Structure formats: C-alpha cells, structure tokens
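> Just to be clear, the model below is a prediction. Sequence and coordinates:
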Amino acid sequence: MSDASGIERRLGGKIPETASAATASTIRRDIGLWGLFLALDSGTQIAFKAGGNALNGVDFGIAWFDRFLATPAVWAGLAGYVIAFVLWIAILQGSELTRAFTLQGATFVTVPLGGWLFFGEQISLARAGGIALIIIGVTLISRRRIAT
C-alpha cells in the first residue's frame, strides 16, 4: 500500500492536494538522495582505486605517503566519503536502517561496472550472476518501500 493510500484511508477516502503533493515531494527527495548517494559512493570507490593505481611501484613508507598526499584521486575519494556520510545521515533520517542498508547494496552493481568501464577489469560469469541477484534483491526491497 502506498503512502498516499494510507493517507487517503485515514482521511476518509480523499487526499487533500497538499498531502498528495507532500507525498510526491518526499518520494522525489528520497529518490534524489539515493541517486546522489549511489553515484557518490560508487565514484568514491573508483577514485580510491585510481589513487591506489597511482601508488603502484612505491613501497609503503615515507615515499608512498608523500605520493599518497600528492594524489588528487585520493583526496577526491576522501571528500566523496565525507559527502556520502552526510547523504547517508539524511537518508537514515527518513528510512528504516534495515531497508536503507540493504538498498546500499546497489553499489555492488555500480562499483564493478565502474571497474570494468574505467580500469578494464573483467566481470566473470559468476560475478555477473551475483550482480543480477543483487539487482533482483534491491528491486524487491525498493518495490516494498513504494508498496507499503
């Protein structure tokens, strides 16, 4: 049952236009927050991988740390984590933790696709099957959110 149907039932079958608009606004906000979070969280992982690639061939130590501090991709990843943290708190403000945490699993789809797209990483048949199962699970969870 949708949020609008629950409101409608409580109001005797009629949704005032403002309540309907508020529900639609909340849904748009939630979708926007999730889209931003997913893009930022995935982009952060991709930035960290690019930063790790920039450190190849340097042994862990002072020279490694100097290069680490001078690598823009590392700083982009750190900034991404901070912004993703803020978005995550905003998401949790209006969501159940169990649902939000499960929906966060969508990054298990976007990050491997980013690895393939940006770094030429291979996606095996087993991994592709796992990604398909994650897509099915995330879809079922998100449909439940809309349906309840």
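Structure's in. What do you need?

> secondary structure element for residue 78?
Secondary structure from DSSP states H and E places residue 78 in helix 72-93.

> Quickly note the distance from residue 53 to residue 25.
42 Å (Cβ to Cβ, to the nearest Å). (C-beta placed from N, C-alpha, C; glycine too.)

> now do residue 111
30 Å.

> So which bits of the longest helix seen in the chain are buried?
Across the chain, the helix with the greatest residue count (assigned by DSSP state H) is helix 17-54. Using 16 or more other Cβ atoms under 10 Å as the test for burial, helix 17-54 gives 19, 23, 30, 33-34, 37-38, 40-51, 54.

> Also stretch 55-65?
Those would be residue 55, for stretch 55-65 by 16+ other Cβ under 10 Å.

> end to end, how far does it reach?
One end of stretch 55-65 sits 9 Å from the other (Cα to Cα, to the nearest Å).

> What mean pLDDT does it get?
For stretch 55-65, mean pLDDT rounds to 93.

> count of residues packed around the closest residue to residue 138 other than its chain neighbours?
With Cβ to Cβ, 6 or more residues apart in numbering as the criterion, residue 138 has its nearest non-adjacent residue at 5.1 Å, and that residue is residue 106. Neighbours of residue 106 under the rule other Cβ atoms under 10 Å: 21.
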